[in-house]
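Student: sequence? don't have it. structure:
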């Protein structure tokens with residue numbers, strides 16, 4: 001890990017958004033830090049003061065990746081973008097998060113009363129026209145039998161799905177395996 005730091009930005013010395021920036025296989029140069037603060041800092045118009053943005057910049061071969069996580073009460077707003085240029089990735093991730101905020105504003109505020117305190121009132125009062133309603137159009141029920149994660153991966157492949165929900169025989173908890181890029185698999189388990 002190269003470079004780690006915490007910075008606050010704001011106008012006229014006021015603290016708005018706190019940035020926790022970490023670099024993995026990349027040095028967080030003043031130029032990168034400034035790009036993150038300027039681009040992701042545009043999101044401060046949606047959040048109340050002292051909101052933290054956790055930013056991880058990483059480089060793997062030709063992949064320049066940025067991951068941004070903004071915890072708000074009851075929710076996590078997250079996006080990651082990968083490109084061949086870190087500055088392009090930074091630009092893209094800000095646009096995606098802004099789109100997420102506008103699209104899901106009512107869902108975030110209505111479902112989690114605690115989340116309302118994380119956002120500025122102007123954001124909550126604004127009606128975004130491009131908001132799409134989430135509709136569940138299909139419901140499936142199936143019997144879940146305990147199995148090991150490796151067996152769940154095989155079952156997922158046999159079904160031709162990209163994920164599979166199962167009871168983990170090792171933990172007795174509901175878990176999910178999913179297909180990742182490069183013919184690898186991921187496992188999601190509850191954190192109890």
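Tutor: Looks like it came in fine. Keep in mind the model is a prediction, meaning the values are calculated, not measured.
Student: Give the phi and psi angles for residue 45, as a check.
Tutor: phi -70, psi -10 (degrees, to the nearest 10).
Student: burial measure for it, as a count.
Tutor: Using other C-beta atoms under 10 Å, residue 45 is surrounded by 13 other residues. Yep, even glycine has a C-beta here, placed from its N, CA and C like the rest.
Student: And residue 164, how far from residue 144?
Tutor: Residue 164 sits 10 Å away from residue 144, going by C-beta to C-beta, to the nearest Å.
Student: What of residue 44?
Tutor: From residue 44 over to residue 144 the distance is 43 Å, taken as C-beta to C-beta.
Student: circling back to that earlier point, of residue 164 and residue 144, who's got more company?
Tutor: Per other C-beta under 10 Å, whichever of residue 164 and residue 144 has more neighbours is residue 164, with 22 against 12.
Student: helix or strand right after the strand or helix carrying that one?
Tutor: If you go by DSSP states H and E, residue 164 is part of strand 163-168. Elements were assigned by DSSP H and E; along the chain past strand 163-168, the next helix or strand is strand 174-180.
Student: Make sure residue 84 is actually in contact with residue 64.
Tutor: Yes - judged on C-beta atoms under 8 Å, residue 84 makes contact with residue 64 at a distance of 6.2 Å.
Student: okay, those two: which has more neighbours?
Tutor: residue 64 (20 against 9).
Student: and that one, bridged to which residues?
Tutor: residue 59, residue 83 (DSSP bridges).
Student: domains for this protein, by residue range?
Tutor: The record assigns the chain these domain ranges, following automatic domain parsing: 2-125, 146-188.
Student: Can you measure across stretch 161-171, start residue to end residue?
Tutor: 23 Å (C-alpha to C-alpha, to the nearest Å).
Student: ok, the residue most central in space within the chain - contacts?
Tutor: For the chain, residue 78 is the residue whose C-alpha lies nearest the centre (C-alpha atoms, centre = their mean; 1.7 Å). If you count contacts by C-beta atoms under 8 Å, 6 or more residues apart in numbering, residue 78 has them with 67-70.
Student: Which of the residues you listed fall in strands?
Tutor: Those of the contacts of residue 78 mapping onto strands are 67-70, per DSSP state E.
Student: now, which of those residues sits nearest residue 34?
Tutor: Using C-beta to C-beta, residue 68 is the member of the ones in strands among the contacts of residue 78 that lies nearest residue 34, at 15.8 Å.
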